[in-house]
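In: Just the structure for this:
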Amino acid sequence: MTDARNPDPTADRPRPAPPDPYWEGDFTLRGDEVPDRPAAPAIDPLGPSGITVRGRDLADLLGPAYRRFTTPD
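Out: Numbers count the residues shown, from 1 in each chain. Okay, the predicted model is just below:
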């Protein structure tokens, strides 16, 4: 609430431009594209984690699960 005792501290600041130009942008929506090959699981480029579970690196254990989640049925 603003009044004479509590003036609006933002009153002197310039107001941002309205977002209308954003909505006038030219863009094309793409349909569902099927890649030529499945994307590599996100875990592959990370390499070994340094965490072992029963003597195996955690990245090696999680790799098959990531591949299963990213492979279409």
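In: measure stretch 42-60 end to end?
Out: When the termini of stretch 42-60 are compared using C-alpha to C-alpha, to the nearest Å, they are 13 Å apart.
In: again, but for stretch 33-52
Out: 38 Å.
In: pLDDT averaged over stretch 8-22 - what is it?
Out: Computed over stretch 8-22, the mean pLDDT rounds to 73.
In: do stretch 30-38 as well
Out: Here stretch 30-38 scores 69 as its mean pLDDT.
In: can you check stretch 58-67 too?
Out: Mean per-residue pLDDT for stretch 58-67: 86.
In: mind listing the helices for the protein?
Out: All helices of the chain, identified by DSSP state H, fall at 20-23, 58-70.
In: would you turn these into TSV with mean neighbour count and distance to Gly47?
Out: Yep, even glycine has a C-beta here, placed from its N, CA and C like the rest. Rendered in TSV, the data for the helices of the chain read as follows (neighbours: other C-beta atoms under 10 Å; distance: least, C-beta to C-beta, whole Å):
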stretch	mean neighbour count	distance to Gly47
helix 20-23	8	40
helix 58-70	13	7
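In: Columns distance to Arg5 on top of these, output as JSON lines?
Out: Shown next, in JSON lines, are the helices of the chain (distance: least, C-beta to C-beta, whole Å):
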{"stretch": "helix 20-23", "distance to Arg5": "37"}
{"stretch": "helix 58-70", "distance to Arg5": "59"}
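In: For Asp8, which of these is the nearest?
Out: Ranking these by their distance to Asp8 (criterion: C-beta to C-beta) puts helix 20-23 first, at 24.9 Å.
In: Enumerate every residue touching Asp60.
Out: By C-beta atoms under 8 Å, 6 or more residues apart in numbering, the contact set of Asp60 is Pro48.
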